[in-house]
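**Student:** I would like the atomic coordinates for the input below:
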Amino acid sequence: MKNLALLMFALCLFTGAFSQDKNNSFQFGKPTQEEFSMNSYSKDTTAPAVILYEEMVVYYEINQQ
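**Tutor:** Model prediction:
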């Protein structure tokens, strides 16, 4: 039983450690002139527009009643 509890603890610990990927394939910074003058997007040629940047703010409110 003690081994099972230790195993569960280790799994929870390692799952949290590797849950967020640090290798992002995108770059931050100002949009380049090439991005502004794009006429088509190679990954989706039917897309009418491409979102270069999107920001989101999330708030959680916890009511304990």
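**Student:** show me the shaky parts of this structure.
**Tutor:** 15-27 (pLDDT under 70).
**Student:** pull the CA atoms of the lengthiest helix in it into CSV?
**Tutor:** Using DSSP state H, we find that the single longest helix of the chain is helix 2-17. The C-alpha trace of helix 2-17 is given here as CSV (Å, rounded to 0.1, in the frame of the first residue of the first chain):
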residue,chain,number,x,y,z
LYS,A,2,2.9,2.3,0.8
ASN,A,3,4.5,1.6,-2.6
LEU,A,4,1.2,2.4,-4.3
ALA,A,5,0.9,5.8,-2.6
LEU,A,6,4.5,6.6,-3.5
LEU,A,7,3.9,5.6,-7.1
MET,A,8,0.8,7.8,-7.3
PHE,A,9,2.7,10.7,-5.8
ALA,A,10,5.5,10.3,-8.3
LEU,A,11,3.1,10.1,-11.2
CYS,A,12,1.4,13.3,-10.1
LEU,A,13,4.7,15.0,-9.7
PHE,A,14,6.1,14.1,-13.1
THR,A,15,2.8,14.7,-14.9
GLY,A,16,2.8,18.3,-13.7
ALA,A,17,6.4,18.8,-14.5
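**Student:** so what does that helix touch, helix or strand wise?
**Tutor:** Helix 2-17 sits against no helix or strand, with contacts defined as 3 or more CB pairs under 8 Å, 6 or more residues apart in numbering; DSSP states H and E. In this view, the C-beta of every residue, glycine as well, is placed from N, C-alpha and C.
**Student:** just the buried residues of the very next helix or strand once past it, please?
**Tutor:** Heading C-terminal from helix 2-17, the first helix or strand you meet, by DSSP states H and E, is helix 33-36. Applying a neighbour-count criterion of 16 or more other CB atoms under 10 Å, helix 33-36 contains no buried positions.
**Student:** so how far is helix 33-36 off the chain centroid?
**Tutor:** 24 Å (CA atoms, centre = their mean, to the nearest Å).
**Student:** what about residue 58, how many residues close to it?
**Tutor:** 4 (other CB atoms under 10 Å).
**Student:** from residue 43, how far out is it?
**Tutor:** 27 Å (CB to CB, to the nearest Å).
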